[in-house]
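**Student:** Fold the following.
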Amino acid sequence: MDWRMPESATLPAPADERPRPGDSYVQSFARGLAVIRSFDARAPQQTLTEVAQRAGLTRAGARRILLTLEGLGYVRSQGRQFSLTPKILDLGFAYLSSQPLWNLAEPVMESLVEDVKESCSAAVLDGADIVYVLRVPTHKIMSINLGIGSRLPAACTSMGRTLLAELDEATLDALLARHPLQAHTARTITDPDALKAELARVRRQGWCVVDQELEEGLVSLSVPIRDRAGRAIAAMNVSGQAARTSADSMVEQFLPRLRSAAAQISQMLQMKP
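**Tutor:** Numbers count the residues shown, from 1 in each chain. Reported below is the predicted structural model:
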């Protein structure tokens, strides 16, 4: 499930968010990325017409890009259907392998999961979403499958709020103006002022707990991971079922250990040359 877009939505960003073509803007490359992004869990296989519609391109333009991607091995075709190949993972792996944090964080997260017996994840902020960069699961606690590259709305997730709390007021206001808050459960904060008040509290206390705002029964506790300049470059959480561990219990039982693990990762990151 894609939490960000209704079934009828297309993938191109709103016009006010797109870079304006210029000397430094390679339009064909941007269109190629739009074609790649048109494939998702709802549309793992598409016809040429479907790709063109979802990427906001003409059929001729989409066809040229698909054939180029097929020639490079990133797309395969079967009859009228196109789909991505596993080679597309190379693009995401290039990011992961270029960031020392993730290699450092995984064993620490595995140790934390063994200790608290709950799932642990790390994510970065990308616009109005968080993107999962590491995940060490225990039990299946959500109705959606989460893995590296999964995206969730930042405003109603603990890791998202941990990272949104680091933004300056003008940046946050602009983000909320472009991405109106949506209710995912009856508990979701949908008022911008209420969310900003919650983010101020998260900033003061240095951690965030979200109780069933993304999905009924899901509770999550998050803290930031900081670089040597003190910037929150990622967030790390522990998540579980509210029926098993309430939000208050999660804070009481897991916050010290979560903070310790995040501090360990931050320290190792800061020691990297």
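**Student:** And for Ala60, the neighbour number?
**Tutor:** 10 (other C-beta atoms under 10 Å). C-betas here are computed from N, CA, C, even on glycine.
**Student:** quick one: contacts of the one helix or strand Val238 maps to?
**Tutor:** Secondary-structure element containing Val238, defined by DSSP states H and E: strand 232-241. By C-beta atoms under 8 Å, 6 or more residues apart in numbering, the surrounding residues in contact with strand 232-241 are 101, 105, 109, 112, 116, 118-125, 130, 133, 139, 141, 158-160, 162-163, 166, 217-227, 250, 254, 258, 261-262, 265.
**Student:** Where strands are concerned, which of the residues you listed count?
**Tutor:** Where the contacts of strand 232-241 overlap with strands, as defined by DSSP state E, the overlap consists of 119-125, 130, 133, 218-226.
**Student:** quick revisit: now the strand holding Val238 and strand 119-126, what's the angle there?
**Tutor:** 140 degrees (axes from the mean of the first three to the mean of the last three C-alpha atoms, to 10 degrees).
**Student:** quick one: average confidence on strand 232-241?
**Tutor:** Over the span of strand 232-241, the pLDDT mean works out to 93.
**Student:** Give the buried residues for that strand.
**Tutor:** Of the residues in strand 232-241, those buried under the neighbour-count criterion (16 or more other C-beta atoms under 10 Å) are 232-240.
**Student:** Repeat that for stretch 146-159.
**Tutor:** Buried-residue list, stretch 146-159, by 16+ other C-beta under 10 Å: 146, 148, 150-159.
**Student:** And stretch 257-273, by the same measure?
**Tutor:** Of the residues in stretch 257-273, those with enough neighbours to count as buried (16+ other C-beta under 10 Å) are 258-259, 261-262, 264-266, 269.
**Student:** can you give me the helices for the stretch 101-250 of the chain?
**Tutor:** Assigned by DSSP state H, counting those that start in this stretch, the helices in the stretch 101-250 of the chain fall at 158-164, 169-178, 192-205, 247-271.
**Student:** Output the below-cut-off pLDDT ranges for the protein.
**Tutor:** Using pLDDT under 70 as the threshold, the predicted model of the chain has low-confidence ranges 1-23, 93-102, 139-145, 272-273.
**Student:** center of it - which residue?
**Tutor:** When the chain is reduced to its mean C-alpha position, the nearest residue by C-alpha atoms, centre = their mean turns out to be Val131, at 1.8 Å.
**Student:** check contacts around it.
**Tutor:** Val131 touches 123-125, 149-151, counting by C-beta under 8 Å, 6+ apart.
**Student:** again, only this time at 10 Å
**Tutor:** Neighbouring residues of Val131 by C-beta atoms under 10 Å, 6 or more residues apart in numbering: 92, 95, 123-125, 148-152, 154, 159, 234.
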